[in-house]
Structures are given as C-alpha cells and as structure tokens.
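J.: fold the following, please.
(one chain, ligands or ions: 1)
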Amino acid sequence: MEFFVNDQCIGCGLCAQMCPEVFHLTDEGVSKAAEGAVDGSLEASAQAALDACPANAIEKR
Ligand code: SF4
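T.: Here you go, the predicted model:
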C-alpha cells in the first residue's frame, strides 16, 4: 500500500506526529508521504494518520 498527500493539506503536522516513518512536513509547510509502498509494519499507523487527518488530505492506493 502506498500513501499520498493531496493539495488539501493544511500543514497541521498531525500525520508526521502519528507516523513519522511515512509522513514529514516539507519546507513548504505541507506534508509529504514517503514514496513507494509502505512497509507492512507501518500500515496501521499510516492508516491511523489518514483517518485522523482533519483535511482529508491523505489518500492511498
Ligand atoms: S494530517 Fe492532513 S492536513 Fe495535517 S499535515 Fe498531515 S496531511 Fe496535512
């Protein structure tokens, strides 16, 4: 599973706090997800960040 941050991100930083292995804030002040498939051991925390994002800015496929 791969995660993406769309342009609705408001840069709150929640995802980077919840799952720093996958999400980080860029110099532009928005979140970016690690490229490529997420390690299985991280999927639950990445999914939790997706569910918690206040802007519905995290997608997966
Ligand atoms: S939780 Fe959502 S709005 Fe907040 S930084 Fe992450 S992607 Fe952006």
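J.: quick one: name the residues of the protein near the ligand.
T.: Within the chain, the positions lying close to the ligand (CB under 6 Å from any ligand atom) are 5, 9-15, 23, 31, 53-55, 57-58. C-beta coordinates here come from the backbone N, C-alpha and C atoms, glycine included.
J.: one more pass at 5 Å, please.
T.: 5, 9-10, 12, 14-15, 31, 53, 55, 57 (CB under 5 Å from any ligand atom).
J.: closest to A46 among the residues you listed?
T.: C15 (8.2 Å; CB to CB).
J.: export the helix or strand hosting the closest one as CSV, just CAs?
T.: Assigned by DSSP states H and E, C15 falls within helix 14-18. Taking Å, rounded to 0.1, in the frame of the first residue of the first chain, the C-alpha atoms of helix 14-18 are listed here in CSV:
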residue,chain,number,x,y,z
LEU,A,14,-0.6,15.6,12.8
CYS,A,15,0.3,12.8,10.4
ALA,A,16,4.0,13.5,10.9
GLN,A,17,3.5,13.1,14.6
MET,A,18,1.4,10.0,14.3
